[in-house]
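Engineer: Quick one, fold the following:
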Amino acid sequence: MQTYLVGGAVRDKLLNRPVVDRDHVVVGALPEELLVLGYKPVGKDFPVFLHPDTGEEYALARTERKSGRGYHGFVFQADPTITLEQDLARRDLTINAIAEDEHGALTDPFGGVRDIEARVLRHVSPAFVEDPVRVLRVARFAARFAPLGFAVADETMALMRQMVADSEVDHLVPERVWAETRKALGEPQPSAFLRVLRECGALAVLFPEVDALYGVPQRAEFHPEIDTGVHVELVLDAAARLAPGNDVVGFCALTHDLGKALTPAAELPRHIGHEHRGVAPLLALAARLKVPTEHATLAALVCREHLNVHRAFELKPATVLKLLGALDALRRPARLELFLAACEADQRGRLGREHDAYPQADYLRAARAAAAAVESADFVARGLAGPAIGQAMQTARIHAIASLKTQPSPSGSAV
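Structural biologist: I've put the predicted structure just below:
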């Protein structure tokens, strides 16, 4: 029995990145042998075990054979005759098909080290086309490694286009699409996720609401990038900088302008009312992919209210309080922070405006603090009761917000 460190742990060591998960493959062993050694079985479809001391994953070397459509259409074989090279051959990308033994020696049958040095995302074998999830995984790895200069190999992109043409991605279950998307939204450059999916044609299949934004013009004085799809890419990357790793903010950034695809042609490049038009396609996308409720709820609020945040200094105090109420911000200040991060990303997600100031966020934080400082006990002490307390608190909160110093909205914050 021989064990090897495999996959992302080896890749990230070679890239001098922190190693988060350490996965191992076991060659020449039976499940019973691992059980005797105290390993705990966790695999359902194939033998995977947890180390009794470290809790790290150890999987028996295995092969895969395509048996049907989609992600579940595979038959696995795991027995002591499966070699390390056979196990590595079933993996998606060459950079993930490298193994390291206990002495640090590498087994690299598919040139993964070379591709790491060349910054290339390349498929291991023609069997890549058998698993449609790999289209999403390549796009996700692009979002992770684009800042390091990685790009998808031409021949891999050609295979991905063929998979889309063969309707393989049509068989992806919503849970897998969302799982990969959620990870991509938390990567350093999520715009690369969209670009890769769009280049192979998968974006139109999996995210038609987002794909429809490309080619839709915006007013150049507010959006020098003009193309709404490009704007969404810029907003995604701004969100990744403002809230690193936060897929809730990322989902808000992805969906905040879906309404612009529905603007009547006669009104272009203006987008009057797009913030309200965008809610229906956003909720449809969220329902189709089974997006968590909090993601969908906050994204709908960002979609509907982001223009109000941009012009926060122009809003009446009563309107500001109503906005805070819609967010439940008095009880959930952390939620307000996510909301403001998405709105600030929208402001900064414009060509040449990546470093724009966004004082609206501080103003709304101050407004929230001023409103939250008004407490019911003060009015109970004055002898008020029932609905009168709520009415008095509402009035006091509006006055508290009105007392804040405000400033004019900066130029360039319109739609």
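Engineer: lowest-confidence helix or strand of this structure?
Structural biologist: In the chain, the helix or strand scored least confidently by mean pLDDT, DSSP states H and E is strand 74-77, which has a mean of 66.
Engineer: Tell me which other helices or strands the helix or strand just after that strand touches.
Structural biologist: Next in sequence after strand 74-77, counting helices and strands by DSSP states H and E, comes helix 84-89. Here helix 84-89 touches strand 2-6, strand 23-27, strand 63-66, strand 106-107, going by 3 or more CB pairs under 8 Å, 6 or more residues apart in numbering; DSSP states H and E. Placement of C-beta: from N, CA and C, glycine included.
Engineer: As a markdown table, those strands with mean neighbour count, distance to residue 164 and mean pLDDT would be great.
Structural biologist: What follows is the helices and strands packed on helix 84-89, written out as a markdown table (neighbours: other CB atoms under 10 Å; distance: least, CB to CB, whole Å; pLDDT from 0 to 100):
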| stretch | mean neighbour count | distance to residue 164 | mean pLDDT |
| --- | --- | --- | --- |
| strand 2-6 | 20 | 29 | 94 |
| strand 23-27 | 20 | 29 | 92 |
| strand 63-66 | 15 | 17 | 71 |
| strand 106-107 | 16 | 33 | 97 |
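Engineer: okay if I get these as CSV plus distance to residue 221?
Structural biologist: Listed next are those as CSV, based on distance: least, CB to CB, whole Å:
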stretch, distance to residue 221
strand 2-6, 53
strand 23-27, 51
strand 63-66, 53
strand 106-107, 54
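Engineer: Can you check which of the ones you listed gets nearest to residue 404?
Structural biologist: strand 23-27 (52.7 Å; CB to CB).
Engineer: Pairing partners for the closest one, with directions?
Structural biologist: Strand 23-27 has its sheet partners listed here by DSSP bridges as strand 2-6 (antiparallel), strand 57-60 (parallel).
Engineer: which residues touch that strand?
Structural biologist: Applying CB atoms under 8 Å, 6 or more residues apart in numbering, the contact partners of strand 23-27 are 1-9, 34, 56-61, 80, 82-84, 87, 99.
Engineer: do that again at 7 Å, thanks
Structural biologist: Contact with strand 23-27 is made by 1-7, 9, 34, 56-61, 83-84, 87, 99, as judged by CB atoms under 7 Å, 6 or more residues apart in numbering.
Engineer: With just CA atoms, put that strand into CSV.
Structural biologist: Provided in CSV are the C-alpha atoms of strand 23-27 (Å, rounded to 0.1, in the frame of the first residue of the first chain):
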residue,chain,number,x,y,z
ASP,A,23,-6.2,15.0,-0.2
HIS,A,24,-4.5,11.7,-0.7
VAL,A,25,-4.8,8.7,-3.0
VAL,A,26,-4.1,5.2,-1.8
VAL,A,27,-2.6,2.7,-4.3
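Engineer: Name the next helix or strand downstream of that strand, please.
Structural biologist: The C-terminal neighbour of strand 23-27 among helices and strands, as given by DSSP H and E, is helix 31-36.
Engineer: Pull out the buried positions in that following helix.
Structural biologist: Residues 31, 34 are the ones in helix 31-36 that count as buried (16 or more other CB atoms under 10 Å).
Engineer: quick one, what contacts the residue nearest to residue 1 when sequence neighbours are not counted?
Structural biologist: Leaving aside its sequence neighbours, residue 1 sits nearest to residue 29 (CB to CB, 6 or more residues apart in numbering; 4.2 Å). Residue 29 is in contact with 1, 60, 80, counting by CB under 7 Å, 6+ apart.
Engineer: Repeat that for residue 256.
Structural biologist: Going by CB under 7 Å, 6+ apart, residue 256 touches 235, 302-303, 306, 342, 346.
Engineer: again with residue 389
Structural biologist: 376, 379-380.
Engineer: Most neighbours among these, which one?
Structural biologist: residue 379 (18 neighbours; other CB atoms under 10 Å).
Engineer: From residue 397, how far off is that one?
Structural biologist: 12 Å (CB to CB, to the nearest Å).
Engineer: which residue sits closest to the residue minimising distance to the centre of the chain, ignoring its sequence neighbours?
Structural biologist: By CA atoms, centre = their mean, the chain has its centre lying nearest to residue 185, at 1.6 Å. Once flanking residues are discounted, residue 185 sits nearest to residue 250: 3.0 Å by CB to CB, 6+ apart.
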